[in-house]
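**Q** Quick check, what structure comes out for this input:
(4 chains)
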Number of protein chains: 2
Amino acid sequence: MSEPTGLRARKKERTRDAIADAAVSLFLEHGFDRVSVNEIAAAAEISKPTLFRYFPTKEDLVLHRFADHQGEAARVVRGRESGIEPVTALRRHFRAALDRYDPVTGLNDHPQVVAFHRLVFSTPSLAGRLTRYQLEDEEALADALGEGIQAHVQAAQVLAIQRVLARANWQKIADGRSAGDVHPEAVADADEAFNQLQ
Amino acid sequence: MSEPTGLRARKKERTRDAIADAAVSLFLEHGFDRVSVNEIAAAAEISKPTLFRYFPTKEDLVLHRFADHQGEAARVVRGRESGIEPVTALRRHFRAALDRYDPVTGLNDHPQVVAFHRLVFSTPSLAGRLTRYQLEDEEALADALGEGIQAHVQAAQVLAIQRVLARANWQKIADGRSAGDVHPEAVADADEAFNQLQ
DNA sequence: GTTACTCGGTTAAAAAAGCAACCTGGTAAT
DNA sequence: ATTACCAGGTTGCTTTTTTAACCGAGTAAC
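**A** Predicted coordinates for the structure are as follows:
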């Protein structure tokens, strides 16, 4: 009734974490473009083909945390309780993420998270690939919302809101404010944005 | 001009060490017969067949440190400088081991080493297999010494001396004395024994 | 304008590890 | 006496990892 945590699966997960950790820490130290995949493989004590078996591209070494959330919006809509509107479900989900200071909301002031976000946003190839992930997310959400152009529009609007909100939060954090301090504004912004949509 | 330490070799060595360490520490804690190979494999986070690929028997999990010294006496004889008698070479080799407090001489008071020796000597199957190792060692030494019965006799006598000396040293350590304190006696005993032989 | 790097990424073959199922021998309940 | 279990080891078979070699694009040297 759960994950059949065999020896194999456990070691795989650990290897994956080791690779991603080694990569991110090297990237944060020297910059994304200044670190080669060979160096990452060496630091993680694995071979280059193994690295690419775990992560399809160099960018995914950084973005896998977002990739792991892929399709989350669609899942939220499909899994909502009966009688609840899709946008309402998404709104509550975002609000919950805000309350637990989930990094995806931009409302998190842990130094590692901040540095990680700066790395992503200041590296063109990373930001580029990240938007590609968001596009796929949008497709999935549109599918979950129904058919026709209006489903696509709605999906795009909701995700655009989340992007804008996250970006605004991140900006305030980047300006030196604490997450707890920003939280009320973040909630107010979210309410306003979702109200406008609904 | 050195070990071509590939990724593969490095990981194998680490796995081997991890297995042996897990095994010995479990044995020291609960006793050799009270720990199953399944528990060892679980503690080392490997599967049972993998364990037996690294160590042929359960006993070897403990005795591999001795096994690694296999044939050492024979090598000392074959590698001696010209003009040096075999027994002299072995005598000097043992004296050098004594001076560096090599565990094989029994003259070592590190708690881990003491506990390890007690484990070996107080577990029949271990002591039994250890003597089997020594017999093989004896064969190899006899081969290195030449042919005929006298070579075998000489080999047996030298190794018997080393066994007795090591046992005597270990006994004094087990009685609570320090290695440094025992060292002079150990040297004197060795001299006397080897003098008697020569 | 070659030559020769380096980089991200791939391929094929061989080694190593995992897993489940089995064998043999002992020992404890029934 | 049978059953059943647990011990140390083994046997195939599959999955994972290493290795070395390669590809195609960019770029610096000469």
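
**Q** Excluding sequence neighbours, find me the nearest residue to the most centrally placed residue in chain A.
**A** Closest to where the C-alpha atoms of chain A average out (Cα atoms, centre = their mean) is residue A:66, at 3.1 Å. With Cβ to Cβ, 6 or more residues apart in numbering or on different chains as the criterion, residue A:66 has its nearest non-adjacent residue at 5.6 Å, and that residue is residue A:133. To be clear about C-beta, it is placed using only N, CA and C from the backbone, and glycine gets the same treatment.

**Q** same question, residue A:171
**A** residue A:106 (7.9 Å).

**Q** contacting residues around the one you found?
**A** A:117, A:165-171, A:173 (Cβ atoms under 8 Å, 6 or more residues apart in numbering or on different chains).

**Q** let's go with 7 Å and repeat that
**A** Going by Cβ atoms under 7 Å, 6 or more residues apart in numbering or on different chains, residue A:106 touches A:166-167, A:169-170, A:173.

**Q** so what are the domain limits for chain A?
**A** With domains defined by automatic domain parsing, chain A comprises A:7-57, A:65-197.

**Q** Would you mind writing the ChimeraX command to select the buried ones in the contacts of residue A:106?
**A** Selecting only the buried entries of these in ChimeraX, with 16 or more other Cβ atoms under 10 Å in any protein chain shown as the criterion:
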select /A:166,169,170,173
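
**Q** Tell me which entries of the contacts of residue A:106 lie within helices.
**A** Residues from the contacts of residue A:106 lying in helices, with DSSP state H as the criterion: A:166-167, A:169-170, A:173.

**Q** coming back round to it: ok, the residue nearest to residue A:66 - contacts?
**A** Shown in contact with residue A:133 (Cβ under 7 Å, 6+ apart): A:63, A:66-67, A:70.

**Q** out of the residues you listed, which are buried?
**A** Neighbour counting by 16+ other Cβ under 10 Å classes A:63, A:66-67 among the contacts of residue A:133 as buried.

**Q** if you look at the residues you listed, which of them are in helices?
**A** Checking these against DSSP H, those in helices are A:63, A:66-67.

**Q** near DNA strand C, which residues of chain A?
**A** A:6-9, A:11, A:35-38, A:48-49, A:52, A:56-59 (Cβ under 7 Å from any atom of the strand).

**Q** again, only this time at 10 Å
**A** A:4-12, A:32-41, A:47-53, A:55-61, A:125, A:129 (Cβ under 10 Å from any atom of the strand).

**Q** Which among these count as buried?
**A** Buried members of the residues of chain A next to DNA strand C, counted by 16+ other Cβ under 10 Å: A:32, A:35, A:40-41, A:51, A:55, A:58-61, A:129.

**Q** What is the burial count for residue A:43?
**A** Residues near residue A:43, counting by other Cβ atoms under 10 Å in any protein chain shown, number 16.

**Q** Skipping adjacent residues, who's closest to it in space?
**A** That would be residue A:22: by Cβ to Cβ, 6+ apart, it lies 4.2 Å from residue A:43.

**Q** and that neighbour, what element?
**A** Per DSSP states H and E: residue A:22 is located in helix A:7-30.

**Q** Distance from the host helix or strand of residue A:154 to the middle of the chain?
**A** In the assignment (DSSP H and E), residue A:154 maps to helix A:149-174. With Cα atoms, centre = their mean, to the nearest Å as the basis, helix A:149-174 stands 12 Å off its chain's centre.

**Q** How about stretch A:92-102?
**A** 13 Å.

**Q** Just the buried residues of it, please?
**A** Quick answer for stretch A:92-102 (16+ other Cβ under 10 Å): A:93-94, A:97-98, A:101-102.

**Q** Out of those, flag the one nearest to residue A:113.
**A** Compare each of the buried residues of stretch A:92-102 with residue A:113 using Cβ to Cβ and the shortest gap goes to residue A:101, at 9.1 Å.

**Q** and residue A:14, how many residues sit next to it?
**A** 11.

**Q** Okay, now the unreliable bits of chain A?
**A** The model of chain A has pLDDT under 70 over residues A:1-4.
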